[in-house]
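Q: Need coordinates for the following:
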Amino acid sequence: MASEAHSEEAGLVFHPMDQFIVKPLFGDGPVGMFTITNVTLWMALTIVAIFALLVLGTRRRAVIPTRTQSIGELAYGFVYKMVEDVTGKDGVKYFPYIMTLFMFIVFANFLGLLPMSFTTTSHIAVTAVMAMMVFLAVTILGFVKNGAAFLGLFWVSSAPLALRPILALIEVISYFVRPVSHSIRLAGNMMAGHAVIKVFAGFAAITAIAPLSIVAITAMYGLEVLVSFIQAYVFTILTCVYLKDALHPAH
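A: Below is the predicted model:
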């Protein structure tokens, strides 16, 4: 107990995971299904930010674009080319859905880097819903477009006949693991980076190592900016790969 008290006085006690606690936005009651929380607030702010960039920022459609319009056009072209390159021309019709996913994730990630903000994509509940939506959408689309031929996705016809049943079982397992890995990858990376920044921030209160802590925080923050974009890109390109499998299931 004495050592804990001494640690608290020295400023060594901090809780890096407290930043991920879901709290009611109004009052201190329990969090229910319809409770407005800090998650609700930052998801709403994410939508507002996307609307401001893609709708308000491009409403004039100037020949010489403003900075905001340029950013919106770059984002549009970046995702469109990704969809076209991975899925082919057949997948371009699903571009609006994939663009929505990318913009939501990248804005949620970047807004989570603001001081006193909340990173919604650090919660598996948020990323799991998006991953499950992708999984169900591509599975339903696969059967609608290809019928029973969609099952060819699990049958590796190029492999030796004796190995095909084993490979088919592996393919089925890996297919149903997709939403798990899809969601955990994003949530885990966002949570880990923010927790490390919080740890270094706790050490910054100690005079002796404050300069090193500030350097470490700056480096980690720069890394998190990069990770925020990369994770949005990875989630989106995996969605494109899954869409390609639904449109062209044959191995």
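Q: what about residue 116, distance to residue 19?
A: Residue 116 sits 10 Å away from residue 19, going by Cβ to Cβ, to the nearest Å. From N, CA and C alone the C-beta is placed, and that goes for glycine too.
Q: Those two: which is more packed in?
A: Comparing residue 116 with residue 19 by other Cβ atoms under 10 Å, the one with more neighbours is residue 19, at 17 against 5.
Q: would you say that one is within a helix?
A: Yes - using DSSP: H, G, I helix; E, B strand; the rest coil, the assignment for residue 19 is a helix.
Q: what about the helices in the protein?
A: With DSSP state H as the criterion, the chain has helices at 2-10, 38-51, 67-87, 95-111, 124-146, 164-203, 210-247.
Q: can you tell which of the ones you listed is closest to residue 59?
A: helix 67-87 (8.8 Å; Cβ to Cβ).
Q: Please identify the buried residues of that closest one?
A: Under the neighbour-count criterion of 16 or more other Cβ atoms under 10 Å, helix 67-87 has 68-69, 72, 75, 79, 82-83, 86-87 buried.
Q: residues touching residue 72, list them.
A: For residue 72, the contact set (Cβ atoms under 8 Å, 6 or more residues apart in numbering) comprises 53-54, 57-58.
Q: So it versus residue 57, what's the distance?
A: 5 Å.
Q: what's the answer for residue 43, then?
A: 20 Å.
Q: pLDDT wise, what is the residue nearest to residue 217 when sequence neighbours are not counted at?
A: Distance criterion Cβ to Cβ, 6 or more residues apart in numbering; nearest residue to residue 217, sequence neighbours excluded, is residue 200 at 4.7 Å. Looking at residue 200, its pLDDT stands at 80.
Q: Count the neighbours of residue 200 for me.
A: Around residue 200 there are 20 residues (other Cβ under 10 Å).
Q: That one and residue 219 touch, don't they?
A: No - assessed by Cβ atoms under 8 Å, residue 200 is found out of contact with residue 219, at 9.0 Å.
Q: With distance to residue 241 and pLDDT added, can I get the buried residues of helix 67-87 in TSV?
A: As requested, the buried residues of helix 67-87 are exported to TSV (distance: Cβ to Cβ, whole Å; pLDDT from 0 to 100):
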residue	distance to residue 241	pLDDT
68	31	90
69	30	91
72	25	93
75	20	95
79	14	96
82	11	96
83	11	96
86	6	94
87	8	93
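Q: Kindly reformat those residues as a markdown table containing distance to residue 101.
A: A markdown table is the format used below for these (distance: Cβ to Cβ, whole Å):
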| residue | distance to residue 101 |
| --- | --- |
| 68 | 21 |
| 69 | 22 |
| 72 | 16 |
| 75 | 12 |
| 79 | 9 |
| 82 | 11 |
| 83 | 11 |
| 86 | 14 |
| 87 | 14 |
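Q: quick one, which of the helices of the chain is nearest to residue 155?
A: Counting by Cβ to Cβ, and looking across all of these, nearest comes helix 164-203 at 5.6 Å.
Q: quick check: angle from the closest one to helix 210-247?
A: 160 degrees (axes from the mean of the first three to the mean of the last three Cα atoms, to 10 degrees).
Q: Just want the angle from helix 164-203 to helix 124-146.
A: If you take the same axes, to 10 degrees, helix 164-203 sits at 150 degrees to helix 124-146.
Q: So for helix 164-203, what gets flagged as buried?
A: Quick answer for helix 164-203 (16+ other Cβ under 10 Å): 164, 167-168, 171, 178-179, 182-183, 185-187, 189-191, 193-194, 196-198, 200-203.
Q: gap between that helix and the chain center?
A: Distance of helix 164-203 from its chain centroid, counting by Cα atoms, centre = their mean, to the nearest Å, is 11 Å.
Q: Looking at the buried residues of helix 67-87, which is nearest residue 109?
A: residue 75 (13.7 Å).
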